[in-house]
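Enquirer: this one's structure only:
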């Protein structure tokens, strides 16, 4: 099991390293993002299988406190990889795919241009990339609150179906316990214009674009307070676009087993509050044995020989404690001498 976890951790590090290179070193994808997406999916599948095996391990090590703590530590680490860091990695890979798709036609054109110039007399192959015809006349300007609000459809979509000079901001706000998922279905730019979704709680841009996109972009986030901005830089620069967004309760997903209750963490993510000895770290699917770490019952002596004392778990809906039954006694107590 330890070797398998090490394998998954190394695989995760490799994928993270590639995505980090994309965003932090060059700002551009250095290889086809589909290869990275495949590795991310492999990692996700491996982590899922690993978590299942770790859950099974809890039962087999319940009588050994040292092994139990090791398995618990593994469970916490793999859950963090699967539910937090891997989700962030998928989002970063999605943005990398959009950049890659945007750059590929340009790179193809440059390659053909260089080939043409390297062979005197050759005729460059005309580009087959379809582009929006440039409008040199002044575009219709949309910059007042009323006109901007008219682009919103049923509080779940913002859309503008023709190239216009747009300078609008929309606040998408709910409250903690809810989150928004966004879908940038289309975004076409003429001239100089940009699009930003800003997370006001964490003060960071979830996405920022200044070029047209080829494929839709999906953005999954834990935020509940955003500002969407579309800005044209001058009177002959414009955009047309379609942005969808949906609000979800973070506890809509049934993640807590055995009558556990989903609560919202300060990070606006779901967290389980479990009854009795069920552990929140396992979404209430694994029980904690308090006797595995409680030594006051002195069930063995200094030479590890049984003393006749026993430790029993006392579980209620709100508590999980260990109680000692000293040798030849039927009365539970907090410790044995």
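Expert: Thanks, I have it. As the structure is a prediction and not an experimental result, all values here were calculated from the model.
Enquirer: Is residue 248 within a helix or a strand, and which one?
Expert: strand 238-249 (DSSP states H and E).
Enquirer: How about the contacts made by residue 284?
Expert: With contact set as Cβ atoms under 8 Å, 6 or more residues apart in numbering, residue 284 has these partners: 256-260, 272, 274-275, 278. Just so you know, the C-beta spots here come from the backbone N, C-alpha and C atoms, and that holds for glycine as well.
Enquirer: Put the buried members of those residues into a ChimeraX selection.
Expert: Command for ChimeraX that selects the buried part of the contacts of residue 284, burial taken from 16 or more other Cβ atoms under 10 Å:
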select :256,260,272,274,275,278
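Enquirer: Would you map out the domains in this protein?
Expert: Following automatic domain parsing, one gets these domains for the chain: 2-118, 141-249, 261-333.
Enquirer: returning to that earlier point: can you list the strands that the strand holding residue 248 pairs with?
Expert: strand 157-173 (antiparallel), strand 178-190 (antiparallel) (DSSP bridges).
Enquirer: Redo the ones you listed as JSON lines? Include distance to residue 72, mean neighbour count and mean pLDDT.
Expert: JSON lines is the format used below for the strands paired with strand 238-249 (distance: least, Cβ to Cβ, whole Å; neighbours: other Cβ atoms under 10 Å; pLDDT from 0 to 100):
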{"stretch": "strand 157-173", "distance to residue 72": "38", "mean neighbour count": "17", "mean pLDDT": "94"}
{"stretch": "strand 178-190", "distance to residue 72": "28", "mean neighbour count": "19", "mean pLDDT": "94"}
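Enquirer: I'd like those laid out as JSON lines, including distance to residue 330.
Expert: Listed next are the strands paired with strand 238-249 as JSON lines, based on distance: least, Cβ to Cβ, whole Å:
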{"stretch": "strand 157-173", "distance to residue 330": "61"}
{"stretch": "strand 178-190", "distance to residue 330": "53"}
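Enquirer: OK, contacts around the nearest residue to residue 218 once chain neighbours are set aside?
Expert: Nearest residue to residue 218, sequence neighbours excluded (Cβ to Cβ, 6 or more residues apart in numbering): residue 183, at 5.3 Å. Applying Cβ under 8 Å, 6+ apart to residue 183 gives the contacts 216-219, 243-245.
Enquirer: Do you have the helices of the chain handy? List them.
Expert: 2-20, 33-60, 65-80, 86-118, 145-149 (DSSP state H).
Enquirer: which stretch in the domains of the chain has the least confidence?
Expert: When the domains of the chain are compared on average pLDDT, domain 2-118 comes out lowest at a mean of 65.
Enquirer: So for the protein, the centremost residue is which one?
Expert: Geometric centre of the chain, nearest residue: residue 87, 2.5 Å, by Cα atoms, centre = their mean.
Enquirer: ok, now which ones touch it?
Expert: Residues near residue 87 by Cβ under 8 Å, 6+ apart: residue 220.
Enquirer: Can you tell me how far it is from residue 141?
Expert: 39 Å (Cβ to Cβ, to the nearest Å).
Enquirer: Repeat that for residue 270.
Expert: 44 Å.
Enquirer: same question, residue 327
Expert: Distance of residue 327 to residue 141, given as Cβ to Cβ: 89 Å.
Enquirer: OK, contacts around residue 194?
Expert: Residue 194 touches 208-210, 229-231, 233, counting by Cβ under 8 Å, 6+ apart.
Enquirer: residues in contact with the nearest residue to residue 140 once chain neighbours are set aside?
Expert: Distances taken as Cβ to Cβ, 6+ apart put residue 164 closest to residue 140, at 4.7 Å, once the chain neighbours are dropped. Counting by Cβ under 8 Å, 6+ apart, residue 164 touches 139-142, 238-240.
Enquirer: Ok, residue 241 next?
Expert: 158-160, 184, 186-188, 195, 230.
Enquirer: burial count for the nearest residue to residue 328 once chain neighbours are set aside?
Expert: Spatial nearest neighbour of residue 328, chain neighbours left out: residue 308 (7.2 Å); criterion: Cβ to Cβ, 6+ apart. For residue 308, the neighbour count with other Cβ atoms under 10 Å is 13.
Enquirer: now residue 308: how far from residue 324?
Expert: From residue 308 over to residue 324 the distance is 12 Å, taken as Cβ to Cβ.
Enquirer: Reformat the contacts of residue 284 as a markdown table; add distance to residue 38.
Expert: Formatted as a markdown table, the contacts of residue 284 follow (distance: Cβ to Cβ, whole Å):
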| residue | distance to residue 38 |
| --- | --- |
| 256 | 32 |
| 257 | 31 |
| 258 | 36 |
| 259 | 39 |
| 260 | 34 |
| 272 | 32 |
| 274 | 36 |
| 275 | 41 |
| 278 | 36 |
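Enquirer: shouldn't residue 262 be in contact with residue 269?
Expert: No. Here residue 262 lies out of contact with residue 269, judged by Cβ atoms under 8 Å, at a distance of 10.2 Å.
Enquirer: More neighbours: which of the two?
Expert: residue 262 (19 against 14).
Enquirer: Enumerate every residue touching the more buried one.
Expert: Residues counted as contacts of residue 262 (Cβ under 8 Å, 6+ apart) are 251, 255-256, 270-273.
Enquirer: Can you tell me the closest non-neighbouring residue to it?
Expert: In space, and not counting its chain neighbours, residue 262 is closest to residue 251: 3.8 Å by Cβ to Cβ, 6+ apart.
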